[in-house]
Structures are given as structure tokens and as C-alpha cells.
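Asker: Provided below for reference: sequence and predicted model.
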Amino acid sequence: MRKNYFAKLVKYMKNVYHIENALNKLTDLRVNHTYDTAQVITLVLLGLLLRIKSFNELNFMIKDNEFSKICPFMQSFAEEFIHLWK
């Protein structure tokens, strides 16, 4: 049920707030970045929605495959993101 609720929440945010359009307009001052600003902000916002307190907790969720149950489409990006922070 939690997965279904999360999917509904993401769909609602896309339809009502047009969040993906706003995220695509974001820029930063990095020169040669691997990931788009929108991808990084999306991961951080998902962390806030899921109440993940730190990147260590996110890393633990990835290792236990708990993150893939909640958000399977972001699993590989989250793994690479955590790997870059180490």
C-alpha cells in the first residue's frame, strides 16, 4: 500500500504543481557535472518525502534493498550518488 500511495503522491505533484518543469529550469555553477541539477534535487526531495535523515541512512537503505522497494526507478541513480559522496 505504501508503494501505491507514493506513486499517487508523485503523480499528484506532477499534475498539480508541475514540479518537473520547475526542476528542469534549475541551474547551478558546476562546470563539468555528471548529473543534472534536476536529478540531484529530485533525489533530495524524495529523501525529504521519505524522511531520510542522512546520506548514511540512504546508503543503508540501498544496501538492504529497502530503497528499491519504495522507489525502484531511482535505485541505480541513488547508488551512484552515494558512491560519489564517499
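Answerer: Received it, and whenever you're ready, just let me know what you need.
Asker: In CSV, list the C-alpha atoms belonging to the helix ranked longest in the chain.
Answerer: Counting residues, the longest helix found in the chain (DSSP state H) is helix 37-49. Output in CSV follows, covering the C-alpha atoms of helix 37-49 (Å, rounded to 0.1, in the frame of the first residue of the first chain):
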residue,chain,number,x,y,z
THR,A,37,20.7,19.6,-11.2
ALA,A,38,17.2,18.3,-11.6
GLN,A,39,18.3,14.7,-10.8
VAL,A,40,20.1,15.7,-7.7
ILE,A,41,17.3,17.9,-6.4
THR,A,42,14.8,15.1,-7.2
LEU,A,43,16.8,12.7,-5.0
VAL,A,44,17.0,15.1,-2.2
LEU,A,45,13.2,15.9,-2.4
LEU,A,46,12.5,12.2,-2.3
GLY,A,47,14.7,11.8,0.7
LEU,A,48,12.7,14.5,2.4
LEU,A,49,9.4,12.9,1.5
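Asker: buried ones in that helix?
Answerer: Going by neighbour count (16 or more other CB atoms under 10 Å), the buried part of helix 37-49 is Ala38, Gln39, Val40, Thr42, Leu43, Leu46, Gly47. Heads up, the C-betas are built off the backbone N, CA and C, glycines and all.
Asker: Just put these in a markdown table and tack on pLDDT and distance to Val31.
Answerer: Listed next are the buried residues of helix 37-49 as a markdown table, based on pLDDT from 0 to 100; distance: CB to CB, whole Å:
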| residue | pLDDT | distance to Val31 |
| --- | --- | --- |
| Ala38 | 81 | 17 |
| Gln39 | 78 | 17 |
| Val40 | 79 | 15 |
| Thr42 | 78 | 21 |
| Leu43 | 75 | 21 |
| Leu46 | 76 | 26 |
| Gly47 | 76 | 25 |
